[in-house]
Structures are given as structure tokens and as C-alpha cells.
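1. Have a look; sequence and predicted model below, questions after that.
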Amino acid sequence: MEGNHLLDTRGSFTQKKNMLLHVQRHCKEKPYFCEVCGSRFTMRKSMLRHMQIHTGKKPHSCEVCGTSFTRKLYMLQHMRTHTGEKPYSCEVCGSSFTRKHYMLQHMRIHTGEKPYSCEVCGSSFTMKQYMLKHMRTHTGEKPYSCEVCGSSFTIKQNMLQHMRTHTGHIEEKSHSCGVCGASFRMKHHIMLHMRTHTGEKPHSCEVCGASFSMKHHITLHMRTHTGEKPHSCEVCGASFAMKHHMVRHMRTHTGEKPYSCEVCGSSFTINQNLIQHMRTHTGEKPHSCEICGSSFTMKHHMLQHLRTHTGEKPYSCEICNSSFTSKQNMLEHMRTHTGEKPYTCEVCGSSFAQRRSMVRHMRTHTGEKPYPCEICGASFIQKPHMLRHMRTHTGRSAIS
């Protein structure tokens, strides 16, 4: 009976050896094993291919850049980075990909599928690797270690960035700038650096005339004219003109926040956000208004403030043509037309068009009265109420 079961495979074969291999898949027989690690295989060629992991043999080489691979399939996939071929297309939005695997991952953006879930907090992810990275926030695992000082990191990229703090000191820098003392390993680099002092910008854009100190910078600048965005996100297909913008975007998928505040532990996706956050602790306000001297933690806040002096209102409502100094104020105004009230009170369910209105409303539940009278100590929910009360002490008319 057992023999009859093995032969009842519903398949036909031209050669007996192919039939025997097929039968092995049904009975899960794996007669070939690796002498190094003990892994077992149904076919001899699979075992030989596996052995290349141990021997380091990579018989398939790229004719363009010389990179070598263990399997011909991997080499052919790599060739697409040179040819630009992207044979797998998304049927929904048309984004194209070099591998079918990437296209299937991308499709989850449209379907909303997140098949990989964190067993600790329930967060779900589109890719297994993102879930594994996220798990380290719970386990504290830091598998990537610095060979110099032993510091460990949760993400390889962070470890490589850290390593540069050592290589910058260890590697000899024999070429020094006579102006500021900065040192460089190569003479070519110091010549480029000197342009920061001389102001020399020998590379000019043929389209708009903008000039640059380095050829690489004009290459990046030209993409603002051509619209070229050569760096694509493998998850959602979004494309970017510069690689570091794409790397930063990837953190929206992974949830990675590599920049942490040493004071309160808050973490951020980009270093600039951490620098701005630190000012809430230090009180630093480096951006000052040239007219009235008011200072601000962020430059764009100072620029918005300047409009109170210039009267500039660059953001206009498309419905009633009212104009505003900031985009946020214009968006809040638009809700008077749409009736949208996105901020909801968790206690009573009341909804509000503006966040500050909801915060103010919450005080009716909490009893908080953050505005005290400096004379008698009476406190109020809203600042205008406190100012109106103050007039009972000063004798000023409430109407004035």
C-alpha cells in the first residue's frame, strides 16, 4: 500500500530519475546533506549550491562592475541595476520594480495588508525585516557592535555612522588647511575645501545660472530642472532626487527613530528635529526678529512672525479669498467652510475645528485654571477671562 501511495503522484515524467526526485518531495526524503552544517536537501544540485556559502565560491560575475554571485539568478537580478530594467509593475498605480518580491511588498500599500505583527505591542508591519527591527525596541537587542570601542547598536546603518567617529581620527590626515586648520587625507579634498574660504564656484548650471563649488552639487541641482528622481523606495515606490532623502523616508515604514534626546529620551527620525527639540530643554532661541528683537527656536517661526511687521499674507482661501500669514491658519480657516472638526474630546465627544479650542474645552472637565490673577489669586480657564477680571482691580472699563 505504501508503494502504491508513493506512485500515485498524478504526474508523468520522461525520465525515471525525475520521477524519483518528484516522489522525494512527497515523502519529504532528503538524502543529500551538507558535511559542514548538516543541512539536508532533496536534490544533489541544491546541496552543491548551498556549499558555496561555506566555500565562498561565487561563479557568476557581472560583466559591468565585476560583482560576483553564488547563483546566476542573483546576477541577472543585479544586472537590472545597470540596465534600469523594472519588469514587474503594480496594476494599481503603475510603479515598477526590479524584482517580483518588491512589487508584492509594494502592493500592501494599496491593500493595507500588514501581515507581520509584534507579539509585545501588537504593531503591524508590511515586511518581516521591519517587524524584527521594531522588536529590538522591546528586547533592547543591539546586534551591531563597533570593533573599536565596543558600542552596540540596533541598526547596522547607525553603527556604520558611529564608526566614522573613529576612522576620522585613526586615518592619517596629512593635508591641512592654512586658514581654519581642518585636515584631510587627500590633497584633492583640501583643494575642494579651500573654496569654502575663497568663495570659488566653478560649476555653473546652464539652465538658471546657479553656481556651485563642487561638480557633484551641480549634478544634484540639475534634478530640480529635469525632475529626475533616481532613488526609489522599495516599499511604496516613492522616488527622490537624493539618496539621503530616500533613506530618511524609509523610516516612515520602519518606524526607526535613531536620534534620541539625552535629557528626556524622546526619539526622532532626523537629526534636525532632535536639535530643535533640545531647545525646549536649553531655552535657546537662535532666530531673532530684526525689527522688534523677538527670538524663536525655529527659523520658520521667525519668518512667520516677520509677516506681522510686513503685513504679508501669502496663503489665501480659495473660497472667500481671505488671506493668512501661515498655511496652518489658512487650513484652520478652511474648516469654517467645510465644517470639518477633526479634534474630539475623549470625555464627552464634543468636536472642534481647532486643537487649541479642544484643549481649552478639556479644562471644563479637568477643572484646570492655568491663568491666575497676580493681585488676588483668582484663577481662570481662559486668558481673556483673567484679563477682564484684572480690570476690576485697575478700575479700567471692561468695554475699553
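-> In hand now; what should we look at? This is a predicted model, so every value here is computed, not measured. Residues are numbered from 1 along each chain as shown.

2. For the helix or strand harbouring Met47, what is the distance to the chain centroid?
-> In this assignment (DSSP states H and E), Met47 forms part of helix 44-55. Centre-to-centre, helix 44-55 and its host chain are 37 Å apart (Cα atoms, centre = their mean, to the nearest Å).

3. Likewise for stretch 83-97?
-> Distance of stretch 83-97 from the chain centroid (Cα atoms, centre = their mean) equals 22 Å.

4. Quote the end-to-end distance of that stretch.
-> Taking Cα to Cα, to the nearest Å, the first and last residues of stretch 83-97 lie 13 Å apart.

5. Now tell me what touches that stretch from outside.
-> 79-80, 98-100, 102-103, 106-107, 110, 234, 236-237 (Cβ atoms under 8 Å, 6 or more residues apart in numbering). From N, CA and C alone the C-beta is placed, and that goes for glycine too.

6. Flag every buried residue along that stretch.
-> Tyr88, Cys90, Ser95, Phe97 (16 or more other Cβ atoms under 10 Å).

7. if we can go back for a sec, could you give the mean pLDDT of the helix or strand following the helix holding Met47?
-> For helix 44-55, the following helix or strand on the C-terminal side (DSSP H and E) is strand 60-61. Averaged across strand 60-61, the pLDDT comes to 84.

8. Strand partners (parallel or antiparallel) of strand 60-61?
-> strand 68-69 (antiparallel) (DSSP bridges).

9. How far off centre is the partner strand?
-> Averaging C-alpha positions (Cα atoms, centre = their mean) puts strand 68-69 30 Å from its chain's average.

10. Please export the alpha-carbon coordinates of stretch 31-38; PDB is fine.
-> Taking Å, rounded to 0.1, in the frame of the first residue of the first chain, the C-alpha atoms of stretch 31-38 are listed here in PDB:
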ATOM      1  CA  PRO A  31      19.100  12.100   1.100                       C
ATOM      2  CA  TYR A  32      21.800  14.800   0.500                       C
ATOM      3  CA  PHE A  33      23.300  16.600   3.400                       C
ATOM      4  CA  CYS A  34      26.000  19.300   3.900                       C
ATOM      5  CA  GLU A  35      29.000  18.000   5.700                       C
ATOM      6  CA  VAL A  36      29.800  21.400   7.200                       C
ATOM      7  CA  CYS A  37      26.500  22.400   8.900                       C
ATOM      8  CA  GLY A  38      24.300  19.300   8.500                       C
END
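
11. Need the residues that contact that stretch.
-> Gln24, Ser39, Arg40, Phe41, Thr42, Met43, Arg44, Ser46, Met47, His50, Met51, His54.

12. switch the cut-off to 7 Å
-> Under the criterion Cβ atoms under 7 Å, 6 or more residues apart in numbering, residues Ser39, Arg40, Phe41, Met43, Arg44, Met47, His50, Met51, His54 lie in contact with stretch 31-38.

13. about what we covered before: would you reformat the buried residues of stretch 83-97 as CSV and include distance to Asn18 and secondary structure?
-> Putting those into CSV (distance: Cβ to Cβ, whole Å; DSSP: H, G, I helix; E, B strand; the rest coil) gives the following:
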residue, distance to Asn18, secondary structure
Tyr88, 30, strand
Cys90, 37, coil
Ser95, 39, coil
Phe97, 33, strand
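
14. Tell me which two of those residues sit farthest apart.
-> Tyr88 and Ser95 (9.5 Å; Cβ to Cβ).

15. how far away is the residue found closest to Lys142 once you drop the neighbours it is linked to in the chain from Gly265?
-> Spatial nearest neighbour of Lys142, excluding adjacent residues (Cβ to Cβ, 6 or more residues apart in numbering): Ser152 at 3.6 Å. Separation of Ser152 from Gly265 (Cβ to Cβ, to the nearest Å) stands at 18 Å.

16. Between those two, which is the more surrounded one?
-> Using other Cβ atoms under 10 Å, the more surrounded residue of Ser152 and Gly265 is Ser152, with 14 against 7.

17. check contacts around the more buried one.
-> Lys142, Tyr144, Ser145.

18. Please look at the second one and Phe153 and confirm they touch.
-> Think Tyr144. Yes: in this structure, Tyr144 is within contact of Phe153 by Cβ atoms under 7 Å, at 4.7 Å.

19. if we can go back for a sec, mind putting the contacts of stretch 31-38 in CSV, pLDDT, neighbour count and distance to Glu332 included?
-> Formatted as CSV, those follow (pLDDT from 0 to 100; neighbours: other Cβ atoms under 10 Å; distance: Cβ to Cβ, whole Å):
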residue, pLDDT, neighbour count, distance to Glu332
Ser39, 84, 14, 62
Arg40, 82, 14, 65
Phe41, 80, 17, 64
Met43, 77, 14, 66
Arg44, 81, 11, 70
Met47, 81, 18, 66
His50, 80, 18, 62
Met51, 79, 16, 66
His54, 81, 11, 64
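
20. Adding distance to Lys299 as columns, could you present those residues in TSV?
-> Formatted as TSV, the contacts of stretch 31-38 follow (distance: Cβ to Cβ, whole Å):
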residue	distance to Lys299
Ser39	58
Arg40	63
Phe41	61
Met43	64
Arg44	66
Met47	62
His50	57
Met51	59
His54	56
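
21. which one of those residues is nearest Met390?
-> With Cβ to Cβ as the yardstick, the closest approach to Met390 among the contacts of stretch 31-38 comes from Ser39, at 81.0 Å.

22. Now for that closest one: which residues touch it?
-> Going by Cβ under 7 Å, 6+ apart, Ser39 touches Phe33, His50.

23. Distance check, it against Gln52.
-> Relative to Gln52, and taking Cβ to Cβ, Ser39 is found at 13 Å.

24. just the strands in the stretch 51-200 of the chain please.
-> Taking DSSP state E, counting those that start in this stretch, the strands of the stretch 51-200 of the chain run over residues 60-61, 68-69, 88-89, 96-97, 116-117, 124-125, 144-145, 152-153, 175-176, 183-184.

25. so which of these gets nearest Thr366?
-> strand 124-125 (33.5 Å).

26. helices or strands up against that closest one?
-> Here strand 124-125 touches strand 116-117, going by 3 or more Cβ pairs under 7 Å, 6 or more residues apart in numbering; DSSP states H and E.

27. List the neighbouring strands of the strand it packs on plus their orientation.
-> strand 124-125 (antiparallel).
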